[in-house]
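[1] My questions are about this predicted structure, shown below with the sequence.
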Amino acid sequence: MTVWEGLFLGLLQGLTEFLPISSSGHLVLAEKILVLPSDLFFNVMMHVGTLFAVLTVFFKPVLKMTLHPIRDKRMLLITLSSIPTFIIAFAVKTWVPEKYFNGLLPLGFFITAVLLITTSFSKNNRPLYQRPVIPALVAGIAQGIAVFPGISRSGATIASLSFFNIKRTQSADFSFLMSIPVIMGGAALEAYEAFTIGIVINWLPLAVGIIAAYISGIIAIKFLIALLKHTDLRWFSLYMVIPLLLSLLVGW
């Protein structure tokens, strides 16, 4: 892998991890169209870069939750939402052959586009922490389903919360906080798989990719939070037409 490939993939990972357009789908599409190398350990470290992006932007809330896990309701809700996420992700990884994943890519992009459109119907007037258990569990289910490529994790979770008319900015904040255990778990699993098959590390492209994922991840998080103060996610559905058509054109 070259430095420029590392930079490109890092930027792509950071932006698409948090914007509601599917990071997994875009990475699969980029590797297919641009004939980029698939490096499992590199992918792990890109996730680590985006993890640090979340921890940087939400440093104060994460610190508060860590120091006061019982008093801070967010810790309980993140734990609750993570249960269905990990159950679904484990079931999919165990019983759905990976060779079928890429074939589902156009469908995943289409589902994401539909979910983003539905956010425009939300009344955007209910605080998350007013009867939050059911919305948190539904968001966890949506996050688990987003293990399929093309389905945006942030888009699915924010859209699922919008069904309950949860305020958009609170939905986004909770969606990003929900991603922390998921990114950590996914990175740990991928790291284990990478080391079991043996790895060769290209340190310079790796370092460039991590930094790119970290910086672009911070930009994507702050951009989406600022955007949701004024509008919903429907406009991203227009963009989803592009990866959907590309995924159909390249042979899926």
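    Ah, there it is.

[2] Could you pull out the helices in this structure for me?
    3-18, 23-33, 40-57, 59-67, 73-95, 105-118, 133-145, 153-162, 168-197, 203-227, 234-239, 241-249 (DSSP state H).

[3] Distance to residue 124 for those helices - can I get that in TSV?
    C-betas here are computed from N, CA, C, even on glycine. Below are the helices of the chain laid out as TSV (distance: least, Cβ to Cβ, whole Å):
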stretch	distance to residue 124
helix 3-18	20
helix 23-33	26
helix 40-57	22
helix 59-67	21
helix 73-95	19
helix 105-118	13
helix 133-145	14
helix 153-162	8
helix 168-197	5
helix 203-227	13
helix 234-239	12
helix 241-249	25
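
[4] Single out the most deeply packed of these.
    Between the helices of the chain, helix 153-162 has the highest mean count of neighbours, a mean of 27, where neighbours are mean count of other Cβ atoms under 10 Å.

[5] In contact with the nearest residue to residue 225 once chain neighbours are set aside, which residues?
    Setting aside the residues directly before and after it, residue 225 is nearest to residue 172 in space (Cβ to Cβ, 6 or more residues apart in numbering), at 5.3 Å. Shown in contact with residue 172 (Cβ atoms under 8 Å, 6 or more residues apart in numbering): 154, 158, 224, 225, 228.

[6] Residue ranges in the protein under the pLDDT threshold?
    38, 198-199, 251-252 (pLDDT under 70).

[7] For it, identify the residue most remote from the centre.
    The outermost residue of the chain relative to its centre, with distances by Cα atoms, centre = their mean, is residue 71 at 27.3 Å.

[8] re earlier: can you tell me which of the contacts of residue 172 lies nearest to residue 36?
    Lowest distance from residue 36 to the contacts of residue 172 (Cβ to Cβ) belongs to residue 154, with 23.3 Å.
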